[in-house]
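K.L.:
Below: sequence and its predicted model.
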Amino acid sequence: MVTALPRQKYSLEEYFELEKNSEEKLEFWDGNVWSMSGASPVHERIVINVGGHLRDLLRDRKCSVFGSNLKVKVPVYSPYRYPDLSVYCGEGVFESMGGLEVLTNPQMIIEVLSLSTEAFDRGEKFTYYKSIPSFTEYLLVATNRPNITQFIKRSESEWVHREANGLEATLSLGAFAAELLLSEIYLDIEFPEPKSNLLLVDR
């Protein structure tokens, strides 16, 4: 859940001070500060499932999987964001911002969708993430059905779009030579029964 702090304009320095002294994750943009806490149990279970599955898949490939407490530098949406999950292989490159350590070289970013953030995650946020030079793969994981949207970078102007649907589906991770199993991503998740389109007529 994204919640705006009481309305006032903050300087970047004031924001860094808030971050240092807050137990919540706070994001900054254009003088405004938002709290990033308060996700649903389903959202958090899926985040844990994705992180655990990726860790198992990439364990022997010198890749690191991090959760939403790791800050990621986004050049055109400064100073940094808190994606649900981020992955890099090899050595992580960190930069100090306001006395806080920020990852600068994620290769893959994963966002678990919610009703309040889905449009932003699919639209403007993806555009902002594209300004990260190392960023080559983006996964958007649905919470209301077994579905993952994948974008893989082919060039500066081209991203390939794929969809994986259903608990039996798999998704090939472009730069990581691994197959993501949707049955693992949605482990212990119960989805609502689909609503029938049939109309009942009294006779």
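P.N.:
Happy to help now that I have it.
K.L.:
quick one: low-confidence parts of the protein?
P.N.:
1-7, 38, 117, 194-203 (pLDDT under 70).
K.L.:
Quick check: longest helix in it by residues?
P.N.:
Identified as the longest helix of the chain according to DSSP state H is helix 41-58.
K.L.:
counting contacts, what elements does that one pack onto?
P.N.:
strand 63-66, strand 85-89, strand 108-112, strand 137-141, strand 178-181, helix 182-185 (3 or more Cβ pairs under 8 Å, 6 or more residues apart in numbering; DSSP states H and E). (C-beta placed from N, C-alpha, C; glycine too.)
K.L.:
So which bits of it are buried?
P.N.:
By 16 or more other Cβ atoms under 10 Å, the buried positions in helix 41-58 come out as 42-43, 45-47, 49-51, 53-54, 57-58.
K.L.:
Distance to residue 29 for those residues - can I get that in a markdown table?
P.N.:
A markdown table is the format used below for the buried residues of helix 41-58 (distance: Cβ to Cβ, whole Å):
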| residue | distance to residue 29 |
| --- | --- |
| 42 | 27 |
| 43 | 22 |
| 45 | 28 |
| 46 | 26 |
| 47 | 23 |
| 49 | 29 |
| 50 | 26 |
| 51 | 26 |
| 53 | 31 |
| 54 | 28 |
| 57 | 33 |
| 58 | 31 |
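K.L.:
closest to residue 118 among those residues?
P.N.:
Checking those against residue 118 by Cβ to Cβ gives residue 43 as the nearest, at 11.4 Å.
K.L.:
what's the nearest residue to the residue nearest in space to the middle of the chain if we skip its chain neighbours?
P.N.:
Geometric centre of the chain, nearest residue: residue 111, 2.1 Å, by Cα atoms, centre = their mean. The shortest distance from residue 111 to any non-neighbouring residue, by Cβ to Cβ, 6 or more residues apart in numbering, is to residue 121 (4.5 Å).
K.L.:
Closest one to residue 34 out of the buried residues of helix 41-58, please.
P.N.:
residue 43 (16.6 Å).
K.L.:
My read is that that closest one contacts residue 142, right?
P.N.:
No: with contact defined as Cβ atoms under 8 Å, residue 43 does not count as touching residue 142 (10.7 Å).
K.L.:
Residue 155: neighbouring residues, count only.
P.N.:
6 (other Cβ atoms under 10 Å).
K.L.:
likewise the one 3 residues further on?
P.N.:
For residue 158, the count of nearby residues is 8 (other Cβ under 10 Å).
K.L.:
how far away is it from residue 138?
P.N.:
13 Å (Cβ to Cβ, to the nearest Å).
K.L.:
same deal with residue 24?
P.N.:
25 Å.
K.L.:
And those two? Which one has more around it.
P.N.:
Shown here are residue 24 and residue 138; by other Cβ under 10 Å, residue 138 has more neighbours (23 against 13).
K.L.:
The more buried one reaches residue 151, doesn't it?
P.N.:
Yes: using Cβ under 8 Å, residue 138 is in contact with residue 151, at 4.3 Å.
K.L.:
Sweet, I'm off.
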